[in-house]
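*Asks:* A predicted structure for the sequence below; I have some questions about it.
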Amino acid sequence: MSKPAYVPPKVWRNDAASGGQFASINRPVAGPTHDKDLPLGKHPLQLYSLATPNGVKVTIALEELLALGHAGAEYDAWLIRIGEGDQFSSGFVQVNPNSKIPALLDRSVEPPVRVFESGSILLYLAEKFGALLPKSPAARTECLNWLFWQMGAAPYLGGGFGHFYVYAPEKFEYAINRFTMEAKRQLDVLDRRLAESRYLSGEEYSIADIAVWPWYGQLVRGNLYDAAQFLAVDEYPNVQRWAEDIALRPAVQRGTRVNRTWGDEHSQVPERHSAADLEG
């Protein structure tokens, strides 16, 4: 016998059982759940994060800035275990009232500046150090076009496709089909752009590439949701070329290891407090 069709109630009430594996950390209210100060290291920039696609955007950017010789981009990267609710501490909520990683605290200025939302952090760092953001108005605008495209598009890939394809307690054909359609459309958008230029903003590597690569680049490389075959990523050769090109960058290889607690031992650097933490 099939289940009866779901009829939304007049007023929604939270049912923890409906949250699946995320029931312990998803809630319909904001604010802290417990008092705890965030740790502080010796460097100007304090990053509180985890090596999710949104998290590694920032560690890649910081490693790229250091590789370019910007010593002021030295940073401490503190691990935030989102599965254990670290993002709901009073200290974290002060840096990011939205309780999402990544969150950055810049102590090189007085008073310190908090920066949250990964796209905002990338733009803040690019403007602070005058790097990874094209100088010409046209190329800069194109870079920001793709940065904001990623911020708007990725929820469909992560919260939509990824959630229903991988994490939902049950497989729902309608939801998977709906978000697969959108994921493939987005890959086609990227493939058409990357048929025109080496990078998203043109011939210059930028924060647009850094924002998009951990999601769509890793997807076509088979490192996200184990969905490369399902999505037929061989249909997007320009995205694949771009993804492999970026994967070869030493700063990208370093950045993807920071705040990582899974995979082989060599890939894990749960916290980063100096360049030496990434040696070996």
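*Replies:* Perfect, I can see it now.
*Asks:* residue ranges with poor pLDDT in the stretch 151-280 of the chain?
*Replies:* Applying pLDDT under 70 to the stretch 151-280 of the chain flags residues 280.
*Asks:* my bad, should have said the stretch 1-150 of the chain
*Replies:* Along the stretch 1-150 of the chain, the model assigns pLDDT under 70 to residues 1, 16-20, 23.
*Asks:* all helices in it, in order from the N-terminus.
*Replies:* Along the stretch 1-150 of the chain, the segments classed as helices by DSSP state H, counting those that start in this stretch run 53-67, 90-95, 118-129, 137-155.
*Asks:* Residues touching the shortest one, excluding its own?
*Replies:* When you say that, I think you mean helix 90-95. Identification of contacts with helix 90-95 by CB atoms under 8 Å, 6 or more residues apart in numbering yields 30-32, 34-38, 48, 80, 86, 99, 103-105, 114, 116. Bear in mind the C-beta positions are built from the backbone N, C-alpha and C, glycine included.
*Asks:* which residue is nearest the middle of the chain?
*Replies:* Ranked by distance to the mean C-alpha position of the chain (CA atoms, centre = their mean), the top residue is N54 at 0.9 Å.
*Asks:* Can you tell me how far the residue nearest to that one when sequence neighbours are not counted is from P137?
*Replies:* With sequence-adjacent residues excluded and distances taken as CB to CB, 6 or more residues apart in numbering, N54 is closest to S118, at 4.5 Å. Counting by CB to CB, to the nearest Å, the separation of S118 from P137 is 24 Å.
*Asks:* Could you report the neighbour count for P28?
*Replies:* 7 (other CB atoms under 10 Å).
*Asks:* Break this protein down into its domains, please.
*Replies:* What the TED database lists as the domains of the chain is 17-132, 137-248.
*Asks:* and A275, which of the ones you listed is closest to it?
*Replies:* Across those, A275 has its closest neighbour in domain 17-132 (7.3 Å, CB to CB).
*Asks:* Relative to the whole chain's centre, how far out is that closest one?
*Replies:* Domain 17-132 sits 11 Å away from the centroid of its parent chain (CA atoms, centre = their mean, to the nearest Å).
*Asks:* please begin residue numbering at 64 from this point
*Replies:* Shifting the count to begin at 64 puts that one at domain 80-195.
*Asks:* Pull the contacting residues for F179.
*Replies:* Contacts of F179 by CB under 8 Å, 6+ apart are V158, N159, P160, N161, K163, P165, A166, L167.
*Asks:* so how far is N161 from the closest residue to the third one other than its chain neighbours?
*Replies:* On the basis of CB to CB, 6+ apart, the spatially nearest residue to P160 that is not a chain neighbour turns out to be A93, at 6.5 Å. Distance of A93 to N161, given as CB to CB: 7 Å.
*Asks:* other SSEs contacting the lengthiest helix in the chain?
*Replies:* Using DSSP state H to define each element, the chain has its longest helix at helix 236-257. Where contact means 3 or more CB pairs under 8 Å, 6 or more residues apart in numbering; DSSP states H and E, helix 236-257 is packed against helix 200-218, helix 281-283, helix 300-310.
*Asks:* and the helix or strand just after the last one, what does it pack onto?
*Replies:* Counting by DSSP states H and E, the next helix or strand C-terminal to helix 300-310 is helix 313-318. Packed against helix 313-318, as judged by 3+ CB pairs under 8 Å, 6+ apart, are the following elements: helix 116-130.
*Asks:* Just the ones of the contacts of helix 153-158 in strands?
*Replies:* Within the contacts of helix 153-158, residues falling in strands by DSSP state E are Y111, A166, L167, L168, R177, F179.
*Asks:* Drop anything exposed from those.
*Replies:* Among those, those classed as buried by 16 or more other CB atoms under 10 Å are Y111, A166, L167, L168, F179.
*Asks:* Just name whatever secondary elements the first helix or strand past the longest helix of the chain going along the chain is in contact with.
*Replies:* Later in the chain than helix 236-257, the nearest helix or strand by DSSP H and E is helix 270-275. When contacts are defined as 3+ CB pairs under 8 Å, 6+ apart, helix 270-275 sits against helix 116-130, helix 181-192, helix 200-218.
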